[in-house]
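Visitor: Fold the following and give me the result.
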Amino acid sequence: MSDTATRPEPVEDPFLDDADPTSRITWRRDLVWVGGATALVALAAIVPIVMGDDLRGRIFADAAPLFGRWLPHMGPGTIPAVVIGVAAVVVLPIQAPTLRWGRLLVVISGVATMWTFALALIDGWQRGMAGRLTRPDEYLAEVPGVHDIPATLEGFAGRIVDFGPESWTTHVSGHPPGALLTFVWLDRLGLGGGAWAGVWCVLVGCSGTAAVLIALRRLGAEDWARRCAPFLALFPGLVWVGVSADGALMGVAAWGVAALAVSATTSSRRASAIAGVVAGVILGWAIFLNYGAVLMGFVALAVLIAARSARPLLWAIPGALAVVAVFWAYGFWWFDGYFAVVERYYQGIASTRPFSYWGWANFAATLCALGPAAAGGIGRLCRRSIWTRPAALLAIGGVLAILAADVSALSKAETERIWLPFGLWVMIATALLPARHQRWWLSAQVVLALAVNHLVLTYW
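Guide: You can find the predicted model right below:
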């Protein structure tokens, strides 16, 4: 199958042309958006201090708005993280526009992976990588007890609500069984323990950067893909990809969306059907990794609107329903799990965490994962005239998913990690930043990630 037959030819988008007067936005407006984002983060940090112990004791975030505690430190990953960050800032803006497509995918995902490992190792091997997922409230604590997978699935929902003799640990109870099964399967393949679990999360999560680029190219936005590629490689959210299961979900969901884009833009009916089924299966699996993954529907819908095709739904919906049917056949019904999780959610600290604070501080935490470049890009994304661009639609889909997640009131704190799957698509907006200023924006992203990882001991 020829390349020209499987995707739209890329065209130059005038909104990415710095010489086009219609696309010029002054630095003043960019700084207003970045300043607003900075003010929101600062306010989220200052309010608990000003309000005193009454609020600080209820938000359960010692380094608010981030979930972690203040602990200036360095580690074996410090020098590699700085070197990789600086080298990427220097090289990627030059290479991204000209590298052959396949090499670009390898370079961007490779840089993201190396940088994520380096960032994690700032906290040390055990504390930053091997021990992250082995704590008593994490997935690996339950792996040894899973001897019979069908029996586990059949009784899974009944163990979600807390204070029972067999209640799941916090993270297992808060997610569908797919997350636990992933680590059980790794263990049975001989890749058990925290180190392999951490490596898995990093590799799968960072591969999502390539998936975003593929989706953009398939939708005829290769110019956007090349412009945002360096920002994907230096995404500050990689601090939490290493190591969290939500980082792995970020990668899984991204590949589901990429497959959907392939299905929507492939001229061959057979190839479109195959890609559509793959997209449905991957996205269907994603909602069994995290209940919140259903909000990836905003990004998926954006793909269909951008491609002006609903054809993939003929294949994706049956693919997703097949995954649902398999879990149902083994005794786990998604909605039973979801309603039990809502009950469990308010049995813990969520019942104490005030939405009056987290309803807006969630965005401050997320901005720490997106970085100032994303804030500038979102500001440029606000022009109505750009909303018809396919790539812009995907970024808007990510923004809408974040807004919906916040309104649900089921995400109070820790959104720098929980909303990673949505935030990755918001990073597409960085393509709107002037190419001649990329290094300044990338430097700000790197400084933010390094500052967070060196000043705060994040929980993930």
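Visitor: can you give me the helices in the stretch 1-150 of the chain?
Guide: Along the stretch 1-150 of the chain, the stretches classed as helices by DSSP state H, counting those that start in this stretch are 3-6, 27-51, 53-59, 78-95, 101-121, 125, 149-154.
Visitor: can I get the CA coordinates of the next helix or strand after the last one in CSV?
Guide: What it means is helix 149-154. Next along the chain after helix 149-154, taking DSSP states H and E as the criterion, comes helix 170-173. Presented in CSV, the C-alpha positions along helix 170-173 are these (Å, rounded to 0.1, in the frame of the first residue of the first chain):
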residue,chain,number,x,y,z
THR,A,170,-6.1,2.1,47.3
HIS,A,171,-4.9,2.0,43.7
VAL,A,172,-6.3,-1.4,42.8
SER,A,173,-9.7,-0.4,44.2
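Visitor: what's the next secondary structure element after helix 170-173?
Guide: Note on helix 170-173: by DSSP H and E, the next helix or strand toward the C-terminus is helix 177-188.
Visitor: Which residues belonging to that following helix are considered buried?
Guide: For helix 177-188, burial by neighbour count (16 or more other Cβ atoms under 10 Å) applies to 177-184, 186-187. (C-beta placed from N, C-alpha, C; glycine too.)
Visitor: Considering the residues you listed, which is situated nearest to residue 361?
Guide: residue 179 (25.9 Å; Cβ to Cβ).
Visitor: which residues touch the closest one?
Guide: Counting by Cβ atoms under 8 Å, 6 or more residues apart in numbering, residue 179 touches 139, 171-172, 245, 249, 288-290.
Visitor: Residue 369 and residue 88, how far apart?
Guide: 18 Å (Cβ to Cβ, to the nearest Å).
Visitor: Which of these two has more residues huddled nearby?
Guide: Per other Cβ atoms under 10 Å, whichever of residue 369 and residue 88 has more neighbours is residue 369, with 28 against 23.
Visitor: and the residue lying closest to residue 240 once chain neighbours are set aside, how many neighbours does it have?
Guide: Excluding the flanking residues, the one nearest residue 240 by Cβ to Cβ, 6 or more residues apart in numbering is residue 417, at 4.3 Å. If you count neighbours by other Cβ under 10 Å, residue 417 ends up with 25.
Visitor: List the buried residues in stretch 320-335.
Guide: Under 16+ other Cβ under 10 Å, the buried positions of stretch 320-335 are 320, 323-324, 327, 331-332, 334.
Visitor: wait, is residue 246 part of a strand?
Guide: No: assigned with DSSP: H, G, I helix; E, B strand; the rest coil, residue 246 falls outside any strand and is helix.
Visitor: for the helix or strand hosting residue 229, packing partners?
Guide: Using DSSP H and E, residue 229 sits in helix 222-233. Helices and strands touching helix 222-233, by 3 or more Cβ pairs under 8 Å, 6 or more residues apart in numbering; DSSP states H and E, are helix 78-95, helix 101-121, helix 194-218, helix 438-455.
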